[in-house]
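Peer 1: Give me the fold of what follows.
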Amino acid sequence: MNRMEPAEPPKVVIFPGDGEMARRARAYPWADSPLGDPRGWSASLRTACRICLTSRFPMIVWWGKKLWFLYNDAYLPLLGTKHPALGKPGEVVWPEIWDVIGPMLDSVMSSGQATWSEDLLLPMDRHGYWEETYWTYSHSPLHDDEGWCAGCSPRSVTPPSGSSASAGSPPCRTWALRQAAPAAWPKRASSW
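Peer 2: Next comes the predicted model:
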């Protein structure tokens, strides 16, 4: 059987499903965004979006030089109050951890090689207070139709499970103080 993809796939094909993020992606004004109209997206990006949206596992697609953010319904609890973040640059979505994950993502984009982090401490403000969260994940490259690394997607994400501390704990207080007065704290490479 010879199956051909339509010349201009409808948004429901690019963003399948009836979940919240599929509906948001179909309604999003992509033509006015840096990613442009989805009908002009590469087959690679359209496929990555379909895989992401139809997965029951928390998934993100970071795409392009600014690492534009696309995600599925299963990722919603991990975002907390940062939702909705669809179509935003990664640095805007996760500013409090960008000094850690930004270089990892840059490395994947420039080398095409995946990263690996195990039980990585990422202090986050996802619910209006600081949390100590520990993550095990790998950022894997997503290649465009010509074979160049054009995006990233985390794999084997292990969200925090009982390893989160409240904002009142000393490590989170220290993190919050560092954020309030960054000049008073020494900058350490690849750590918070």
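
Peer 1: Show me the helices in the protein, by range?
Peer 2: For the chain, applying DSSP state H gives helices covering 11-14, 20-27, 43-54, 76-79, 90-93, 98-111, 170-180.

Peer 1: Now do the contacts for the most centrally placed residue in the chain.
Peer 2: By CA atoms, centre = their mean, the chain has its centre lying nearest to Ile60, at 4.3 Å. Listed by CB atoms under 8 Å, 6 or more residues apart in numbering, the contact partners of Ile60 are Cys52, Phe69, Leu70, Tyr71, Tyr75, Ser153, Pro154. (Glycine included, C-beta is placed from N, CA and C.)

Peer 1: if we go to 7 Å?
Peer 2: Phe69, Leu70, Tyr71, Tyr75, Ser153, Pro154 (CB atoms under 7 Å, 6 or more residues apart in numbering).

Peer 1: so how many other residues sit close to the nearest residue to the fourth one once chain neighbours are set aside?
Peer 2: In space, and not counting its chain neighbours, Tyr75 is closest to Pro58: 4.2 Å by CB to CB, 6 or more residues apart in numbering. The burial count assigned to Pro58 is 20, neighbours taken as other CB atoms under 10 Å.

Peer 1: If you drop the residues flanking it in sequence, what lies closest to Ala48?
Peer 2: In space, Ala48 comes closest to Val61 once its chain neighbours are excluded; the distance is 4.8 Å by CB to CB, 6+ apart.
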